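> Here is a sequence with its predicted model. Questions after.
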Amino acid sequence: DAGVIQSPRHEVTEMGQEVTLRCKPISGHDYLFWYRQTMMRGLELLIYFNNNVPIDDSGMPEDRFSAKMPNASFSTLKIQPSEPRDSAVYFCASTRGWTYNEQFFGPGTRLTVL
Amino acid sequence: KQEVTQIPAALSVPEGENLVLNCSFTDSAIYNLQWFRQDPGKGLTSLLLIQSSQREQTSGRLNASLDKSSGRSTLYIAASQPGDSATYLCAAADRNQFYFGTGTSLTVIP
């Protein structure tokens, strides 16, 4: 298996622009997670899906952030409009089941908003 | 709300030394605890997962233990090597969320 795939790996954009991050989870995994990592706040869970349905989005910082999972093999995290404080590394992770199996992380997308 | 703490934030040891990394959590009602490794500029790599009913898990030179009653988990690394240098994070899962510690940055000096 190729693991969790994220694109793009790096994104540089200007304030006010729309940013879309993409994730392909491991085949057969029914949970998908979006995280954000910064030096100041560490790793934060933004939202997670179970069987393509958003379960908990309490970590999404503002209405500027939205996430979708149209099918079992694809998810997007969108920021519109982007702001400099959104600069961070965004990780996608997936797992099979909640209790017994490990989470597997993608390589991350490093977002810089100028 | 669950809080996960990792102390120390950074650790430097000479090659060959055995070492212990600590992870504390405030709510013992966890489903599992997972240890990860993160290399600079990379994603997280899973090392070990301990179920709430288990006391420890082993993989090669790594051994992780879990004591729910005291709210602690430890990651033991035997015979450390320079390649072990990385940041190590723990994450506790309850029924609703995964809670990550801020990590311990380990440097193994040749």
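Yep, that arrived.

> For B:Leu75, grab the count of nearby residues.
Using other Cβ atoms under 10 Å in any protein chain shown, B:Leu75 has 24 other residues around it. (Each C-beta comes from the backbone N, C-alpha and C, glycine too.)

> Quickly note the distance from it to B:Phe98.
Counting by Cβ to Cβ, to the nearest Å, the separation of B:Leu75 from B:Phe98 is 17 Å.

> can you check B:Thr58 too?
23 Å.

> more neighbours, those two?
Shown here are B:Thr58 and B:Phe98; by other Cβ under 10 Å, B:Phe98 has more neighbours (23 against 11).

> What's opposite the nearest residue to the more buried one once chain neighbours are set aside in the beta bridge?
Distance criterion Cβ to Cβ, 6 or more residues apart in numbering or on different chains; nearest residue to B:Phe98, sequence neighbours excluded, is B:Ala91 at 5.1 Å. Beta-bridge pairing for B:Ala91 (DSSP bridges): B:Gln34, B:Phe100.

> residues in contact with B:Ala91?
Each residue near B:Ala91 by Cβ atoms under 8 Å, 6 or more residues apart in numbering or on different chains is listed here: A:Gln103, B:Val4, B:Leu33, B:Gln34, B:Phe36, B:Phe98, B:Tyr99, B:Phe100, B:Gly101.

> From those, pick the one nearest A:Asp57.
Nearest to A:Asp57 among the contacts of B:Ala91: B:Phe98, at 14.5 Å, using Cβ to Cβ.

> Please produce JSON lines containing the contacts of B:Ala91, extended by pLDDT and distance to A:Lys68.
Formatted as JSON lines, the contacts of B:Ala91 follow (pLDDT from 0 to 100; distance: Cβ to Cβ, whole Å):
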{"residue": "A:Gln103", "pLDDT": "92", "distance to A:Lys68": "20"}
{"residue": "B:Val4", "pLDDT": "95", "distance to A:Lys68": "29"}
{"residue": "B:Leu33", "pLDDT": "95", "distance to A:Lys68": "30"}
{"residue": "B:Gln34", "pLDDT": "96", "distance to A:Lys68": "27"}
{"residue": "B:Phe36", "pLDDT": "97", "distance to A:Lys68": "26"}
{"residue": "B:Phe98", "pLDDT": "89", "distance to A:Lys68": "21"}
{"residue": "B:Tyr99", "pLDDT": "91", "distance to A:Lys68": "25"}
{"residue": "B:Phe100", "pLDDT": "93", "distance to A:Lys68": "24"}
{"residue": "B:Gly101", "pLDDT": "94", "distance to A:Lys68": "30"}
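
> Fine, thanks again, bye for now.
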